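J.: below is the sequence, then the predicted model.
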Amino acid sequence: MLLFFNQRQGRVRSGILAAIERFGAPEVVEHAGGLRVRVSGATEVQSLFAVERTGELMRPIGVVVYVRDTFERITVLHMVVADEYAAGGLHGDLHLPLRLVHAVRRIARRTSGIRHVELLYTHRRLRAAVA
């Protein structure tokens, strides 16, 4: 497969590489009967999975990995969604990536001291207090 990167994709790629360099490479591991994401560095990260339920079957369709790297900031390190939930996918109209970021913002609002949520890939900082 041949991939072409436009300027935005180049920023995303450099953000991914910066996150891996700073915090370590992410890996999904089984933990206590469920899934967990950890990074190879010493940092403990949190992860929030989006799950699709069809009858009794469930499958992960997205995950956002984040860390409280300062007293006032949560930084989103990585986010992945299944192809059909990405922009242009069959379920892209559900805006799963945006919903995952909003979920982290809700967590930030409920966490004492957090004032900002930073998206490492975009170098944007969101105020945690804003819905």
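T.: Ah, there it is.
J.: ok, the longest strand seen in the chain: who's next to it in the sheet?
T.: As assigned by DSSP state E, the longest strand anywhere in the chain is strand 57-70. Note on strand 57-70: by DSSP bridges, its sheet partners are strand 46-54 (antiparallel), strand 73-81 (antiparallel).
J.: need the contact partners of it.
T.: Residues outside strand 57-70 that contact it (C-beta atoms under 8 Å, 6 or more residues apart in numbering) are 23, 26, 28, 35, 37, 39, 43-52, 74-82, 84-85, 96-97, 100-101, 103-104, 111, 114, 117. Heads up, the C-betas are built off the backbone N, CA and C, glycines and all.
J.: which among these end up buried?
T.: 23, 26, 37, 39, 45, 47, 49-50, 74-82, 85, 96-97, 100-101, 104, 114, 117 (16 or more other C-beta atoms under 10 Å).
J.: without its sequence neighbours, what residue ends up closest to Gly24?
T.: Nearest residue to Gly24 in three dimensions, chain neighbours excluded: Gly41, at 3.0 Å (C-beta to C-beta, 6 or more residues apart in numbering).
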